[in-house]
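K.L.:
Predicted model and sequence below, questions to follow.
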Amino acid sequence: MSGTVPIPHGLPMERDAGPFAPPSEITRLRDARPVSPLVFPDGHQGWFVTGYDAVRQVMADTRFSSRQDIGVLHVPYETPGMPVATEPSPQIPGLFIAMDPPDHTRLRRMLTGAFTVKRMKQLEEHIIDVAERRLDEMARMTPPVDLVEEFALPVPSLVICEMLGVPYADRATFQVNSAKFLVKDQPLEEKMAAYGAMTTYLAELVVRKRAEPGDDILSDLARHDELSVEELTGIAFLLLLAGHETTANMLGLGTFALLEHPEQLAELRANPDLVPDAVEELLRFLSVADIFYRYATDDIEIGGETIAKGSTVVVSLLAANRDPERFDNPDALDIRREARGRLAFGHGIHTCLGQQLARIEMRAGFAGLLRRFPTLELAIPAEEVRLRTDMNIYGVHELPVTWTTAS
Amino acid sequence: MRISVDRERCIGAGMCALLAPAIFDQDYDDGRVRLLDPRPQQDHSALREALDACPSGALHLDES
């Protein structure tokens, strides 16, 4: 498709093409100009990358820096009350998602051994067990219940708390703060208060781990003498946040998507061997972690456009994963599609560290849920499901579901 | 054909070990790629998938 579309002013965010599709303005833009200028709310002239090949290139090229302390990284949507950034942000110790090599490499390598394919295989039985126990509890309830609260959030939460050595009993506090931290449109003071509460809690926790290590990832990290408490806290924050919000939203939104595609759901129920492929396809189709930023440290050509040094580059993984140049009939949910190459976990050196864990959790979660609740359905009209358009990780706020109980 | 791996580039995402476990594994300690079979006779489709999926560009194939 060709043609001209206007240069967007601010990031298009309205989910006007349905709860699972990218905003239609983004789709039009990708089809016309997959590497497009973007006028940011603060007046910055940056770029918005939506085509599959171009997004892959940006994510793989470390000249597109993830640091926030070398230049101003502009925000593509307005946040009321948030002052316009005029100075680079200082680096947060331990937050390696916002670092480049060699700092990023040094910190990430301390963790990769804990998330290998084999380690996750060893955990699989246990994760299935965690999911099944949550489903047991749900089955004892009287429907309707909120699937997010009773299942989609507790499963990854229990698993990541256990792996990191975070007492699950403390979850109420940090789940509230983690959710607050991820709200886009809120006063800066509230965001910082939530962040402060989480980091204070985690700093105390890692200090305890250093004094009395247990058998968990944070204790293993705390054994590295060269890591400061601030770095340990930053890493713990990143892992806890990432371990909560991503998989939980994939389970919640993924269930919603399956319920809205009954023929796909029926096929999956009839053939549970398709669960791993269905997980890959849901990852592509939903891409709940969608928008990422990079800072161009050089003049770089991508997709025939020259991105000038100092520009903020925004990529949409969801748009890339719906690119018809890469996937046939991309807007169809097709669990038989072998959705290889989808970018839902990102690409390049920052590719999701926990992706093998997420896969196992989703396989266990979807397989268990479909088997245990053969009559699962939405308890409210689909258009009343509250979407997380206000959050940095997309999904559903609640998913009221019901089922018929065997008498 | 011959495969080589660049362990300095590797970030331990594990796609190779997931997609082509007969050819690739990961270090127990730091998750970095280990090449089990530099000249695989079979399963070339899994190999190509693994090459394509590697996020850090740490896998190379010499077709000659």
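P.N.:
Sure thing, it's come through.

K.L.:
Could you check stretch A:102-120 against chain B for contacts?
P.N.:
Yes: Stretch A:102-120 is in contact with chain B by CB under 8 Å from any CB of the partner chain, via A:105, A:108-110, A:112-118. C-betas here are computed from N, CA, C, even on glycine.

K.L.:
So for stretch B:18-28, what gets flagged as buried?
P.N.:
Judged by neighbour count (16 or more other CB atoms under 10 Å in any protein chain shown), stretch B:18-28 contains these buried residues: B:18-21, B:23-27.

K.L.:
should've said stretch A:328-347
P.N.:
Quick answer for stretch A:328-347 (16+ other CB under 10 Å): A:330, A:333-335, A:337, A:339, A:342-347.

K.L.:
Local confidence estimate at residue 32?
P.N.:
No chain specified, so I'll use chain A. Note on A:A32: pLDDT of 96.

K.L.:
The intended chain is chain B.
P.N.:
So, for B:R32, pLDDT stands at 95.

K.L.:
Check which helices and strands the least confident helix or strand in chain A by mean pLDDT sits against.
P.N.:
One helix or strand of chain A scores below all others by mean pLDDT, DSSP states H and E: helix A:171-181, with a mean of 81. Under the contact definition 3 or more CB pairs under 8 Å, 6 or more residues apart in numbering or on different chains; DSSP states H and E, helix A:171-181 sits against helix A:154-164, helix A:188-211, helix A:229-259.

K.L.:
Could you confirm whether any residue of the helix or strand bottoming out on mean pLDDT in chain B contacts chain A?
P.N.:
Within chain B, no helix or strand scores below helix B:44-53, which has a mean of 90 by mean pLDDT, DSSP H and E. Yes: counting by CB under 8 Å from any CB, chain A is contacted by helix B:44-53 at B:49, B:52-53.

K.L.:
Scan those and report the most crowded one.
P.N.:
B:A53 (21 neighbours; other CB atoms under 10 Å in any protein chain shown).

K.L.:
and the gap between the residue lying closest to that residue once chain neighbours are set aside and A:L251?
P.N.:
Computed as CB to CB, 6 or more residues apart in numbering or on different chains, the closest residue to B:A53 that is not its neighbour in sequence is B:M15, at 4.0 Å. According to CB to CB, to the nearest Å, B:M15 stands 22 Å off from A:L251.

K.L.:
show me where the chain has helices.
P.N.:
Let's take chain A. Remark: helices assigned in chain A by DSSP state H are A:24-32, A:52-60, A:103-112, A:117-139, A:147, A:154-164, A:171-181, A:188-211, A:217-222, A:229-259, A:262-270, A:275-286, A:317-321, A:355-372.

K.L.:
Chain B is the one I meant
P.N.:
B:15-19, B:44-53.

K.L.:
quick check, distance from the longest one to the centre of its chain.
P.N.:
Read that as helix B:44-53. In this view, helix B:44-53 has its centroid 8 Å away from the chain centroid, taken as CA atoms, centre = their mean, to the nearest Å.

K.L.:
repeat for the shortest one
P.N.:
Using CA atoms, centre = their mean, the distance from the centre of helix B:15-19 to the centre of the chain it belongs to is 7 Å.

K.L.:
ditto for stretch A:146-155
P.N.:
Using CA atoms, centre = their mean, the offset of stretch A:146-155 from its chain centre is 16 Å.

K.L.:
Using CSV, write down the CA coordinates of that stretch.
P.N.:
Output of stretch A:146-155 as CSV, limited to C-alpha atoms (Å, rounded to 0.1, in the frame of the first residue of the first chain):
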residue,chain,number,x,y,z
ASP,A,146,-12.5,-11.7,38.1
LEU,A,147,-10.0,-13.9,36.2
VAL,A,148,-7.2,-11.3,36.6
GLU,A,149,-7.5,-11.2,40.4
GLU,A,150,-8.0,-14.9,40.9
PHE,A,151,-5.7,-16.4,38.3
ALA,A,152,-3.9,-14.2,35.7
LEU,A,153,-2.0,-12.1,38.3
PRO,A,154,-1.5,-14.6,41.1
VAL,A,155,0.2,-17.3,38.9
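
K.L.:
What distance do you get for the residue nearest to A:D216 when sequence neighbours are not counted to chain B?
P.N.:
The spatial neighbour of A:D216 that comes closest, neighbours along the chain excluded (CB to CB, 6+ apart), is A:G165 at 2.8 Å. In this view, A:G165 and chain B are 19 Å apart by CB to the nearest CB, to the nearest Å.

K.L.:
Kindly report the same for A:C352.
P.N.:
Noted for A:C352: a distance of 8 Å to chain B, by CB to the nearest CB.

K.L.:
Ok, A:L241 next?
P.N.:
19 Å.

K.L.:
wouldn't that residue be in contact with A:F181 here?
P.N.:
Yes: proximity of A:L241 to A:F181 meets the contact threshold set by CB atoms under 8 Å, at 7.3 Å.

K.L.:
who touches both of these two?
P.N.:
A:M198 (CB atoms under 8 Å, 6 or more residues apart in numbering or on different chains).

K.L.:
For the stretch 1-150 of chain A, which residues are neighbours of chain B?
P.N.:
A:59-60, A:105, A:108-110, A:112-118.

K.L.:
cutoff 6 Å now
P.N.:
Residues of the stretch 1-150 of chain A lying near chain B by CB under 6 Å from any CB of the partner chain: A:109, A:112-113, A:116-117.

K.L.:
re the thing from before, ok, which of the buried residues of stretch A:328-347 also contact chain B?
P.N.:
Answer for the buried residues of stretch A:328-347 near chain B (CB under 6 Å from any CB): A:H347.

K.L.:
quick one, what contacts residue 26?
P.N.:
Let's take chain A. A:12, A:50, A:319 (CB atoms under 6 Å, 6 or more residues apart in numbering or on different chains).

K.L.:
wrong one, I was asking about chain B
P.N.:
Applying CB under 6 Å, 6+ apart, the residues near B:Q26 are A:116, B:14, B:17.
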